[in-house]
Structures are given as C-alpha cells and as structure tokens.
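>>> coordinates only, sequence not included:
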C-alpha cells in the first residue's frame, strides 16, 4: 500500500517532499532518457492511491528539462510553478514563468516543455488526467508514444519500435 494511504479510515496527510522520487527517472528510450537526468518527479497522486488523475511534484535542476517538447492526444495537463523561474517552451514561443504562474494544455493543442535555464532549482506541480487512450507526439524529435496496459510504448515516426 502506498505511504499515506490504506483501505481503512486511518488516512493521514503527508509532506510532499517526503514522497520518494520516482524509481525510474524517465520512460523515454535512449537517446532521450539521458536528457531527463536533471528532473526529479515525486508521484503524489500515486502516494494517495489516486487513479483518475496524476499529480507530480517535479524538481528541475539547473539545465533540466521537464520532458521533450510534446503534446498529448487525449490527456489534459496543468502545471503550477511553486518556486524558481522555468522557461515554458511552446509552439507559440517561450515564456519565463514565476512562482504562482500556471499553464494548461488541451489534448491535441499546443506542444509544451519546461526547461530550467536559471541557476536555481525549479519546483512545480504537474497534474493530468489518466486517459487510457493517450498518446504523445514530439515535433522536434523522431518519437511517437502510445499508452498501453504495460506503460508507454515508443516508436520512431516511421512506426518502427525503439
């Protein structure tokens, strides 16, 4: 059973930073997984047994990237900056975000990515529904993703597997 959650009425709040970082830093295949080395995700939703939406507390070290520039086919995604000044890269340009700022992304909409170009850690919340039909497209990389029962499946844009 995840920490902070059990099937009784003995529910307890927890300190978000006490949730252990995700064991596997990235689901991307190489050469993309290495680009995520400056990212640490704590799966807060999983810690409470949430299944309809995910909540990650993510730290981006200086030079870190949240993900490859991507868009989802079915998932809605929302970010909220807690500390630091990440740069939000989108199809529409780049925007330096400040603590308290947020952004949301509709399925099939704007491609997006956070990068930390500052000298300090960035801390933000990432929230998304867990649509089982979701897929990802990556306009700058030779990569496509589909969600399966076993997790993400990654293909080259010509359909060959990684």
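Arrived safely. This structure is a prediction, so every number in the text was calculated from the model and none was measured.
>>> What's the local residue count around residue 98?
Neighbour count of residue 98, defined by other CB atoms under 10 Å: 10. Where C-beta positions appear, they are placed from N, C-alpha and C, glycine not excepted.
>>> now it: how far from residue 108?
28 Å (CB to CB, to the nearest Å).
>>> try residue 132
Counting by CB to CB, the gap from residue 132 to residue 108 is 16 Å.
>>> Wait, residue 25 touches residue 33, no?
Yes - assessed by CB atoms under 8 Å, residue 25 is found in contact with residue 33 at 7.4 Å.
>>> between the two, what contacts are shared?
Common neighbours of residue 25 and residue 33, counting by CB atoms under 8 Å, 6 or more residues apart in numbering, are absent.
>>> and the nearest residue to residue 25 once chain neighbours are set aside, what does it touch?
Of all residues not flanking residue 25 in the chain, residue 36 sits nearest, at 5.8 Å (CB to CB, 6 or more residues apart in numbering). Counting by CB under 8 Å, 6+ apart, residue 36 touches 25-26, 28, 64-65, 67.
>>> State the distance from residue 46 to residue 108.
26 Å.
>>> cool, residue 86 as well?
From residue 86 to residue 108 the distance is 23 Å (CB to CB).
>>> which of these two has more neighbours?
residue 86 (27 against 10).
>>> Next up, the contacts around that one.
Contacts of residue 86 (CB under 8 Å, 6+ apart): 60, 66, 96-97, 114-116, 118, 122, 124.
>>> Right, I'll call it a day here.
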